[in-house]
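Chemist: fold the stuff below for me.
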Amino acid sequence: MVKRLATPLFLTAMLFCLAWPAWADNELTVEPDRTNLYEGEVLTLNVRGSMKIDINLGNLFDLDISSLPSPDIEKVEEDFDIVGRNQRYSIRTVNNEMMGEITWTFELAPKTTGRLTIPALTFQDAQSEPVDINVMSGSPPQQDSEEPRDSFIELSTDKDEVYVQEQLVLTIKLFFSGNLIRGELSEPEHPDAIIETLGKQREYSRYRDGARFRVVERRYAIYPQQPGEFSLNTIRFEGRARTPDGQLKFLRDSENLFDIPVKAIPDSFSGDTWLPARSLELTESGLPENQTLSTGQNLTRTLALRAEGLPAETLPPFTGMDVPGIRTYPETPERNTDATGDGLTSSLTQTTAMVPVQPGNLIVPEIRIAWWDTGADEEKFAVIPARTLAVEAPPGQVPAPSPRQVEKPDTGTDTVEQAAPAMPEDSGFWPWLSLILAVAWLATAGLWWRAKGRKDTGQRGQPVATDESEKVLFEQLCKAANAGSSDTLRLLPQWANRHLSHCSGIDHSFDSVAEVTAHVDDPRLNEQLEALQRHLFGKPGQDQELWQGAALVATLKRVRGDRAAPARQADSLPPLYPEGLTGHS
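Modeler: Residues are numbered from 1 along each chain as shown. So this is what the prediction gives:
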């Protein structure tokens, strides 16, 4: 029953407001909650209007809330921002006449300081009186205010002055009381600065002058790009909070950062890239210490540059990475930036595959990076000293006879001649002829004995490498070469040891690709193996080649056939005595 009666009463009250008014004693009053306030504070303005209401059955259910009249509050927007508004209605009876009263509540934020005026407002035929408002600069002293401020902003930096492109850490703290319902805190902005957020915002509680506040803290790394005076935009906050007694209040505040002097790059700085940082470290790993290397040995060198107070994009790339006598295959550099409460920490990492191809003492050049220590205010250097790598040729390469010299059957002639005694100049023709025949016979007998030994060894089933095992290894090598697999570099020395030992009868112990290529001395094979290394160790998408293994397989087959030819020729020995000399005694 009560619910059924409440609905007509509510509709009747709305009707009073929407009915065609017959004005009697119309009036409009404007009442601010205060006439003196500080910048950043919010003024509450109450506007009241009253009117006489005529009620008839024709407009009883004509409830168009959007057509409710309101005063021309837009006049105040020249000096104030309207941050909130509300309205309520009441009905009262005066001398048996129904009077409607409307109250509008506006939350006004002053745009400037000084004496501002809320102009005369009109509502229907009624007009209010102007009201003067005094807006003072600064913040209200705690001891002079009866109640603590509802909200305020504090700005601070870690330095009073910086160099151009040096990190400046800005801390913004927002203090507010009550339960915050909605709030907007602006971000720092500047057209000539790079600004990075340092992690997530922190929230905690603090006491100020005996009052408890909630605090929102944000930190930013700022890098001014131009020398001179640096000023940020005004940091502003607007929000709504609910008081412990349930009332809604508007919060508003703003704060400006003091000017920061920005110094230019010092004339004494000698580096190519300006690097102002709290600290900068350069490290190296991967190269052996006091160790003798061999040609063809694979190395991985890693350089790491770490800086505090700089983003990773500002770190310069490593230069001077080429080393004479060493093939280098650098990977794509990796850059990382970590944000902490104290600022940015960045790193640049460069990994390079290195393959020595030339024996001797190879010098890896020095890496020197100049930077500016902002704490000590002086230039410093991050240095990796030059170092010497001792690279040895593979066993048997130096001194090593060329393949052509190995194939000659008369390699021992000079040794026999040097051991023979000197012949008198007048000894005649026959002693010299006898000496030549003796040397030829010894060389021929030696070759025959070596060929016979290989044949006997093969018959006993004890060769270093059989044809069958060499064939299987070569098939595996060709398969890996055709696929562009790194197994090629492992299988090539194994196959070469068996194949060349079988062909020449001399044991070989190749440990690397470089040892094999130095012994075989085939330019085409060297070219194809270099292409394979670029494919395996080159930069992804840059130096890596589209691998086509048919050329390498064809070169391997040709080398295999060429090296087997001398062995086949050795099976057919020349006669012991040349034709034409058998008849001499």
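Chemist: show me the domain layout of the chain.
Modeler: 2-130, 151-263, 276-392, 438-570 (automatic domain parsing).
Chemist: right, and residue 47 touches residue 106 too?
Modeler: Yes: the pair residue 47 / residue 106 is scored as a contact, 7.0 Å apart, by Cβ atoms under 8 Å. C-betas here are computed from N, CA, C, even on glycine.
Chemist: in JSON lines, list the domains of the chain along with mean pLDDT, distance to residue 137 and mean neighbour count.
Modeler: Output for the domains of the chain, formatted as JSON lines (pLDDT from 0 to 100; distance: least, Cβ to Cβ, whole Å; neighbours: other Cβ atoms under 10 Å):
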{"stretch": "domain 2-130", "mean pLDDT": "71", "distance to residue 137": "5", "mean neighbour count": "15"}
{"stretch": "domain 151-263", "mean pLDDT": "90", "distance to residue 137": "11", "mean neighbour count": "16"}
{"stretch": "domain 276-392", "mean pLDDT": "92", "distance to residue 137": "32", "mean neighbour count": "16"}
{"stretch": "domain 438-570", "mean pLDDT": "73", "distance to residue 137": "60", "mean neighbour count": "16"}
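Chemist: nearest to residue 269, of those domains?
Modeler: Set against residue 269 and scored by Cβ to Cβ, the domains of the chain come closest in domain 276-392, at 5.7 Å.
Chemist: quick one on the thing from earlier: adding distance to residue 138, write the domains of the chain out as JSON lines.
Modeler: JSON lines is the format used below for these (distance: least, Cβ to Cβ, whole Å):
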{"stretch": "domain 2-130", "distance to residue 138": "6"}
{"stretch": "domain 151-263", "distance to residue 138": "11"}
{"stretch": "domain 276-392", "distance to residue 138": "30"}
{"stretch": "domain 438-570", "distance to residue 138": "60"}
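Chemist: and the strands in the stretch 351-500 of the chain, which stretches?
Modeler: For the stretch 351-500 of the chain, the strands defined by DSSP state E, counting those that start in this stretch occupy 360-364, 367-373, 378-384, 387-392.
Chemist: given the last one, what are its sheet partners and their directions?
Modeler: If you go by DSSP bridges, strand 387-392 pairs up with strand 293-294 (parallel), strand 360-364 (antiparallel).
Chemist: in this protein, which spans are helices?
Modeler: Applying DSSP state H to the chain gives helices spanning 2-18, 403-407, 413-419, 429-460, 467-483, 487-504, 513-520, 523-537, 550-570.
Chemist: isn't residue 27 right up against residue 50?
Modeler: Yes: applying Cβ under 8 Å, one finds residue 27 in contact with residue 50, separated by 5.9 Å.
Chemist: what sits in contact with each of the two?
Modeler: By Cβ atoms under 8 Å, 6 or more residues apart in numbering, residue 27 and residue 50 have no common neighbours.
Chemist: quick one on the thing from earlier: quick one: which of the strands of the stretch 351-500 of the chain is nearest residue 350?
Modeler: Across the strands of the stretch 351-500 of the chain, closest to residue 350 is strand 367-373 (Cβ to Cβ), at 10.2 Å.
Chemist: show me the contact partners of the closest one.
Modeler: So strand 367-373 is contacted by 163, 266, 269-280, 282, 284, 303, 305, 307, 316, 318, 320, 378-384 (Cβ under 8 Å, 6+ apart).
Chemist: among those, which lie within strands?
Modeler: 163, 276-277, 279-280, 282, 284, 303, 305, 307, 378-384 (DSSP state E).
Chemist: mind listing the shared neighbours of residue 47 and residue 106?
Modeler: Joint contacts of residue 47 and residue 106 (Cβ under 8 Å, 6+ apart) are residue 73.
Chemist: show me what contacts the residue nearest to residue 342 when sequence neighbours are not counted?
Modeler: Leaving aside its chain neighbours, residue 342 sits nearest to residue 169 (7.1 Å; criterion: Cβ to Cβ, 6 or more residues apart in numbering). Each residue near residue 169 by Cβ under 8 Å, 6+ apart is listed here: 157-159, 198, 219-222, 342-343.
Chemist: which of these sits closest to residue 492?
Modeler: residue 343 (52.1 Å).
Chemist: please tell me I have it right and the closest one contacts residue 307.
Modeler: No: using Cβ under 8 Å, residue 343 is not in contact with residue 307; the gap is 10.5 Å.
Chemist: between these two, which contacts overlap?
Modeler: Here residue 343 and residue 307 share no contacting residue, scored by Cβ under 8 Å, 6+ apart.
Chemist: residues in contact with residue 88?
Modeler: 102-103, 105.
Chemist: what of residue 275?
Modeler: So residue 275 contacts 307, 310, 314-316, 369-372 (Cβ under 8 Å, 6+ apart).
Chemist: at 7 Å what do you get?
Modeler: With contacts defined as Cβ atoms under 7 Å, 6 or more residues apart in numbering, residue 275 is in contact with 307, 310, 314, 371-372.
Chemist: what's the answer for residue 559, then?
Modeler: Counting by Cβ under 7 Å, 6+ apart, residue 559 touches 520, 522, 525.
Chemist: and the closest residue to the last one other than its chain neighbours, how far from residue 127?
Modeler: So the one you mean is residue 525. Distance criterion Cβ to Cβ, 6+ apart; nearest residue to residue 525, sequence neighbours excluded, is residue 555 at 5.2 Å. Taking Cβ to Cβ, to the nearest Å as the measure, residue 555 falls 103 Å from residue 127.
Chemist: list the contacts for the residue nearest to residue 137 when sequence neighbours are not counted?
Modeler: Using Cβ to Cβ, 6+ apart and skipping the chain neighbours, the partner closest in space to residue 137 is residue 113 (4.6 Å). By Cβ under 7 Å, 6+ apart, the contact list for residue 113 reads 39, 135-137.
Chemist: biggest separation within the contacts of residue 169, which pair?
Modeler: 159 and 198 (14.8 Å).
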